[in-house]
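**Q** What shape does this take:
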Amino acid sequence: RDTVVAHAPRPLLRPLIDLLERGHARPVLAISAERIRGWIWNRGRLDPEPAWEDELGIYPGHERKAPSMADPARGQATSSSGRDQFGQRLEENRKRFLHEAAKRLGSDERVRGGELIAIGEPPYLEEFAAAVPSTVQVWRLEGPDVIGEKDSAIADRVAPEIERAAAKREADLTKAALDASMASGGRGAQGPDETSEALAEGRVEHLLLDCERR
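**A** Purely as a prediction, here's the structure:
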């Protein structure tokens, strides 16, 4: 955005408030069927977070390898039902991996009670998001598998999503405040006089400023 320089008897708060809203730290995850990568978005920078990286383990019995002939001379190979069972076990392991990773992440104090941006392709993105505890708001960015992309490419994907998330949060708060202020006995206030009184009495949970007004 354009740089703003202002000279006035009072501070110009709008750019600072905007910076605080859009620049605070947010966790970012890339989700695939068998791997998770993590970053922290903080004031326009995307820094890797190794503690959030995880990968589906290799299970005993060579499950991850293609089935081989039991007796090549007789042409006996693994049956189609055996292949189906292998695929089912692998999908179950993938779901378990994603669910466990989501629950662990929800207990991290850097994530709990905040917003999380998750990038990936369905259905694995949905599996992960559904298992995240309700104390975390998940913003899903669906698309191709990005688990192998460079950090710079991930940052380019994340920036518009953060803007969208911030704009939606502002719109939701504004609607809630206006509805409450107009409702009979509602817990909301409009205008400088009522709002100043509520501030002075310490009764304000969210303060919203109209950026288009002076």
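**Q** Secondary structure class of the residue most central in space within the chain, three-state.
**A** Nearest to the geometric centre of the chain sits Ile117, at 1.9 Å (C-alpha atoms, centre = their mean). Assigned by DSSP: H, G, I helix; E, B strand; the rest coil, the conformation of Ile117 is strand.
**Q** same thing with Gly185?
**A** coil.
**Q** Which residue is the nearest non-sequential neighbour of Ala155?
**A** Leu46 (4.2 Å; C-beta to C-beta, 6 or more residues apart in numbering). For the C-beta atoms, the positions are set from N, CA and C on the backbone; glycine is no exception.
**Q** Now for the one you found, how many residues are close by?
**A** 19 (other C-beta atoms under 10 Å).
**Q** Low-confidence stretches in this structure?
**A** 1, 58-79, 82, 211-214 (pLDDT under 70).
**Q** What are the boundaries of the helices in it?
**A** 14-23, 80-106, 124-131, 151-182, 191-200 (DSSP state H).
**Q** Adding distance to Leu141 and mean neighbour count, write these out as a markdown table.
**A** Output for those, formatted as a markdown table (distance: least, C-beta to C-beta, whole Å; neighbours: other C-beta atoms under 10 Å):
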| stretch | distance to Leu141 | mean neighbour count |
| --- | --- | --- |
| helix 14-23 | 16 | 14 |
| helix 80-106 | 16 | 15 |
| helix 124-131 | 8 | 19 |
| helix 151-182 | 5 | 14 |
| helix 191-200 | 36 | 12 |
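**Q** mind checking the longest strand of this protein?
**A** Criterion DSSP state E: the longest strand present in the chain is strand 35-42.
**Q** Each with direction, which strands does it pair with?
**A** Next to strand 35-42 in the sheet, as set by DSSP bridges, lie strand 26-31 (antiparallel), strand 45-48 (antiparallel), strand 54-55 (antiparallel).
**Q** which other residues reach the longest one?
**A** Contact partners of strand 26-31, identified using C-beta atoms under 8 Å, 6 or more residues apart in numbering, comprise 36-42, 46, 49, 52, 98, 105, 108, 110-111, 114-120, 124-125, 128, 146-147, 149, 154, 158, 162.
**Q** again with the last one
**A** The list of residues contacting strand 54-55 from outside it, by C-beta under 8 Å, 6+ apart, reads 34-36, 97, 101.
**Q** Just list the residues touching the residue nearest to Ala155, thanks.
**A** Contacts of Leu46 by C-beta under 8 Å, 6+ apart are 28, 39-40, 151, 154-155, 158.
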